[in-house]
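*Asks:* Got a predicted model here, sequence first, then my questions.
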Amino acid sequence: MYIGIDVGGTSTNAVLLNEGLVRASATVPSSEDIITSLLDALDRIMKGVPAELIERVVFSTTLITNLIAEKKYDPVGLILIPGPGLSHVHYKYNTDTFIISGAMDYRGREIIPLNDNEIEKAINNLNARGYKKVAVVGKFSVRNNKHEKTVASKLASLHPDWHVELGHQVAGQLNFPRRVVSTMLACATKDKYSFFVDSVQAALSRRGIEGAVYILKADGGTMPLNKVSGVPIETIFSGPAASTLGVQALIPPGETAVVVDIGGTTTDLALILSGQPLLSARGAPVYDNLTQVRALAVKSVAVGGDSLVERVGKEILVYSERLGPAFCLGGPMPTPTDALRVLGLTRLGSPKKATEAMEMLGQPLGMSPSEVAQKIINMVIDVIVQEIEAMFIQWEQEPAYRVWEVLQKRKERPDMVVGVGGGAAGFITQIAARIGANPVIPPYSPVANAIGAAVAIPTIQINLRADTEQGYYTIEQEGYQGKIEKDPFTEEDALLLADEWLKKRAEKYGLGNAVEKTEYTRRDVFTMVRNWITTGRIYDISVQTPRGIIGHIGARGGFK
Amino acid sequence: MNKKTGLIFFPAFDWAISPTHPEREERLLYTRDQIFEEGVMDLPQIHEYAPRLASLHDISRTHFCVPMVQSQVTEAHLIAAGSTLQLGDSIVNGEIRNGFAMVRPPGHHAMRVVHGNRGFCSINNEAVLVEYLRRRHGIKKIAIVDSDAHHGDGTQDIFYHDPDVLFISFHQDGRTIFPGTGFTHELGGPGAYAKTLNVPLPPGTGDEAFMYVVDNLVLPVVKDFQPEIIINSAGQDNHYTDPLGSMRFTARAYADFTKKLQPHLAVLEGGYAIETALPYINLAIILALADVDYSNVMEPDYWPGRFKESPERIAQVQRMVEQLLESWANKDKVDLPNVFGNDKYYQRKKFIYYDTDYIEEEQFEKVRMCPDCPGYIIIKSRGERGYRAPIRIYAVSIPFQACHACQSEAYDIYEQAKKQKECEYVYMQDKSTDTCMYYDKVKGQEWVTEG
């Protein structure tokens, strides 16, 4: 039996799956002390089920995401080594930032050495300002991490108690500004994340659960909980990924669907294209900054059931703020939920209060409550439909760097609009009608996120970049730089080496059995010619385990 | 002026002329590394577009491909041209202020007739764009400034008789480099006199002379011409590290040039110093287009004052600029019959060598000297491939500004040519109605495409 638990800011959802069927589900309020709400949720879904039968527990959480959103973390100082290129005025990150000399080029060759005085000065300054957490990020450190490591060892010798995070270890892909943000957040959230992990482990051991424990990552894959202390940042956006995977499990395989999760203040949208959730081309965004975290493409739209509705002159406006619950639920102002209530599309709250809310808005305009209600719903739907359309267009517009990628571009439109979350019921039919798809509100949609966590499988990938002219290779995910021992080093060798590292990484995370099936998602070979002579090759290879879910809910959809 | 700069980056990581050819997969690899690591695509000033394919008709509107478009283009060519069209659309419809098509393969050596690949080019991306902009968006006057170290002979050929396209090319002196053309006396045909300007620069020319040409010739002439759209054929082989060229321009100078010219669209052409120049020049051009400070972009081996220009070279360039300015100033006063003759047709003979595909082409070009329009063009061409039988074609091109008389005369000529024996293929390219036809004599079959 599998358990999935989504720990949210306001509520914690849990499900127990047995042979592809939801055997129990529960929603409990999240308490300050995570352990209490976890135990509560576990007890509700495990009534009469012995703990020994639980093979696997997967968590997803928005806790860390929320901490970041609310900026509730210790300050992190930055030491950056950007070198020439973009003007340094671009590197402003709302914290004390020290830019020191030094530069690597795109092949990891040192073009400007470090300056010891500057390093020391930066560290002293950070110390004087009371920092105990530091992120060190150099441009092209992915290709050569020597500078970052030198600064780190200096930091370690002067302040062994500080928490230092290095860019090349947090994210391996090129994009210096995104790596800075990722590294800073990794540094900021590590303590809180460890606390979350400890709480989870305490709760599970109190109930005697000894199955494997995983945590969901933003890309919809899982990692063993006890192993991810290295890079918790990959898990911080797992909340939206959980709902999307949940929908994937709740609809038939191979469908193209829009997932619409309507909450109180925001509506989250995600796409499932031919059965596979769409990955974002950019890293997950944190406020205005992009990170280098691989994530599912999720678009957050600032309208929801509790959005504030107001009449201004002759117009009715729907704002993105929330002042409280709907009027019909005792809130101060009219909301879309009131409109739904008036139209009979929800049964929440008092119908009398809802009508009153619509009258407040409509009377000066000579509109009946149902006219006003329909208008409000139409406005909310307009915004959501526009964003759905924009998501598809953005997906079609994604850049391509290879001929075959351009040729295989396709155009797809959804077969179904799937509603999850509290506010979904009233809106989904109309959204679906507008874009010519079928509306679906699957059973268990209120706990879709917990189902998503329960069905998620490990994903693991390796990007290998080998430069035979310089005789070294890097493994992006590991921040590893190694010598190429073989000569000549062929494409076959590069593929084998990538496979080997995938296995090594899988074992490191206790996922040895996950790498039975692998796929190459990229295999580029660049012949290097210098002065009319072939001097080497660069291999760019990505190998991963296939993305997917354990199976679909109902009718034993693929579950073993 | 808060509109964005559009970028299409299409490095064609799975396309090469051959594995060790300068035009190979590796060419934009380090450019990718540099611009991705800088996070340029995430800048709020930049919008990255997806590449798209040009249609075969888009190509036929510009070129006579022998025997047909499909035999000269690969998918990569269609994507490079199509990406250029995508940015053209986005500029005209106001989504972006300017754009940079960083695409492979390049195109500025591809002429109107295409027997094969020359100078690594099969399809002229800028020329395909110009004809597309006219047809699709009704744009008439266009300036193309070619900053490649090699003369943009293909672009010159295609617009030599077009009074509405100003073509300025500065490049390394043709006596010292491929394709061996681009001298000051090549000024355009009788209907487009002085709308072609060539500035052959002596090998070793650096930033100072480059900027002199830009400030004193390129900018004033472009301004005077008042184009609706300015295109930069952004070849980067004038860089001091280029292995094929012998010039000494820096990345900084390329950016300064871009900032001064303010092209609507830059289209990547040559440039084969793929490690030492391209990452820096491409980054600098992007920043210059987006109006972002590029003063911190520099080559690792560069320091200010590294190259000093010799006074003789400066003087030589100054004289050339003066001469060209005079040609430009007097373009409407020139006694054209005296220069080009007074016949019904202006005609010239051309020999074109396809260095990449080893083809020798002999071409006979006739332009109708029409008082009412730029006149239709007739081309007889013979491509000699050595081991294979030569291919002969006969082609008629009607300009988009054509008068009725020229249009109907041209169709008569096309029909006659279909009956004659000497050529295997006969073409009609009617830009005024956007109709392209192609007749295969052996098969006795005609194909028509319309826009």
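*Replies:* Everything's here; your move. Numbers count the residues shown, from 1 in each chain, chains lettered A, B, ... in the order given.

*Asks:* check whether stretch A:103-122 contacts chain B.
*Replies:* Yes: judged by Cβ under 8 Å from any Cβ of the partner chain, stretch A:103-122 and chain B are in contact via A:103, A:105, A:106, A:107, A:111. For glycine as for every other residue, the C-beta is placed from the backbone atoms N, C-alpha and C.

*Asks:* In strands only, show me those.
*Replies:* A:103, A:111 (DSSP state E).

*Asks:* which strands and helices sit next to whichever strand or helix holds residue B:209?
*Replies:* Using DSSP states H and E, residue B:209 falls within helix B:207-213. Judged by 3 or more Cβ pairs under 8 Å, 6 or more residues apart in numbering or on different chains; DSSP states H and E, the packing partners of helix B:207-213 are strand B:196-201, helix B:251-261, helix B:311-329.

*Asks:* give me that answer again for 6 Å
*Replies:* Applying 3 or more Cβ pairs under 6 Å, 6 or more residues apart in numbering or on different chains; DSSP states H and E, one finds that helix B:207-213 contacts helix B:311-329.

*Asks:* next helix or strand past the helix it packs on?
*Replies:* helix B:336-340.

*Asks:* what residues does that following helix touch?
*Replies:* For helix B:336-340, contacts defined as Cβ atoms under 6 Å, 6 or more residues apart in numbering or on different chains pick out B:190, B:346.

*Asks:* What residues of that helix count as buried?
*Replies:* Within helix B:336-340, the residues that qualify as buried are B:336, B:340, counting by 16 or more other Cβ atoms under 10 Å in any protein chain shown.

*Asks:* ok, now stretch A:193-207?
*Replies:* A:193, A:196, A:197, A:199, A:200, A:203, A:204.

*Asks:* same thing with stretch A:136-145?
*Replies:* Neighbour-count burial for stretch A:136-145 flags A:136, A:137, A:138, A:139, A:140, A:141, A:142, A:143, A:144, A:145 (criterion: 16+ other Cβ under 10 Å).

*Asks:* between the residues of stretch A:103-122 next to chain B, which has the most around it?
*Replies:* The most crowded member of the residues of stretch A:103-122 next to chain B, judged by other Cβ atoms under 10 Å in any protein chain shown, is residue A:105 (23 neighbours).

*Asks:* Next up, the contacts around that one.
*Replies:* The contact partners of residue A:105, taken as Cβ under 6 Å, 6+ apart, are residue A:111.

*Asks:* what's the neighbour count on the residue nearest to residue B:368 when sequence neighbours are not counted?
*Replies:* Distances taken as Cβ to Cβ, 6 or more residues apart in numbering or on different chains place residue B:375 nearest to residue B:368, at 3.5 Å, with adjacent residues excluded. Using other Cβ under 10 Å, residue B:375 has 27 neighbouring residues.

*Asks:* secondary structure element for residue B:375?
*Replies:* Counting by DSSP H and E, residue B:375 is part of no helix or strand.

*Asks:* And for residue A:123?
*Replies:* Per DSSP H and E: helix A:116-128 holds residue A:123.

*Asks:* What average pLDDT does that helix get?
*Replies:* For helix A:116-128, mean pLDDT rounds to 97.

*Asks:* and it, what does it pack onto?
*Replies:* With contacts taken as 3+ Cβ pairs under 6 Å, 6+ apart, helix A:116-128 sits against helix A:146-158.

*Asks:* Over the one helix or strand residue A:37 maps to, what's the mean pLDDT, rounded is fine.
*Replies:* In the assignment (DSSP H and E), residue A:37 maps to helix A:34-45. Here helix A:34-45 scores 95 as its mean pLDDT.

*Asks:* And stretch B:364-375, by the same measure?
*Replies:* 96.

*Asks:* related to what we said a few turns ago, is the helix or strand that comes right after the helix holding residue A:123 up against chain B anywhere?
*Replies:* Where DSSP H and E defines the elements, the next helix or strand beyond helix A:116-128 is strand A:133-138. No: figure legend: strand A:133-138 not in contact with chain B (Cβ under 6 Å from any Cβ of the partner chain); closest approach 10.4 Å.

*Asks:* Tell me how far the longest helix seen in chain A lies from the chain's centre.
*Replies:* Assignment by DSSP state H gives helix A:176-206 as the longest helix of chain A. What separates the centre of helix A:176-206 from the centre of its chain is 14 Å, taken as Cα atoms, centre = their mean, to the nearest Å.

*Asks:* tell me the two of the buried residues of stretch A:136-145 that are most distant?
*Replies:* A:136 and A:143 (15.9 Å; Cβ to Cβ).

*Asks:* one step back: would TSV of the residues of stretch A:103-122 next to chain B with pLDDT be doable?
*Replies:* Output for these, formatted as TSV (pLDDT from 0 to 100):
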residue	pLDDT
A:103	98
A:105	97
A:106	97
A:107	96
A:111	96
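
*Asks:* closest to residue A:153 among the residues of stretch A:103-122 next to chain B?
*Replies:* For the residues of stretch A:103-122 next to chain B, the nearest to residue A:153 is residue A:103 (19.2 Å; Cβ to Cβ).

*Asks:* ok, now which ones touch the nearest residue to the closest one once chain neighbours are set aside?
*Replies:* Closest residue in space to residue A:103, ignoring its immediate chain neighbours: residue A:83 at 2.7 Å, by Cβ to Cβ, 6+ apart. With contact taken as Cβ under 6 Å, 6+ apart, residue A:83 is in contact with A:103, A:112, A:139.

*Asks:* related to what we said a few turns ago, for the helix holding residue A:37, give me every contacting residue.
*Replies:* A:12, A:14, A:16, A:24, A:26, A:28, A:30, A:31, A:199, A:202, A:203, A:207.

*Asks:* ok, which stretches of the stretch 51-200 of chain B are strands?
*Replies:* Taking DSSP state E, counting those that start in this stretch as the test, the strands found in the stretch 51-200 of chain B are B:64-65, B:96-103, B:113-114, B:142-146, B:165-172, B:196-201.

*Asks:* Pipe those into a markdown table and attach mean pLDDT, distance to residue A:118 and mean neighbour count per row.
*Replies:* A markdown table is the format used below for the strands of the stretch 51-200 of chain B (pLDDT from 0 to 100; distance: least, Cβ to Cβ, whole Å; neighbours: other Cβ atoms under 10 Å in any protein chain shown):
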| stretch | mean pLDDT | distance to residue A:118 | mean neighbour count |
| --- | --- | --- | --- |
| strand B:64-65 | 97 | 59 | 26 |
| strand B:96-103 | 98 | 35 | 25 |
| strand B:113-114 | 98 | 57 | 25 |
| strand B:142-146 | 98 | 43 | 26 |
| strand B:165-172 | 98 | 42 | 27 |
| strand B:196-201 | 98 | 42 | 24 |
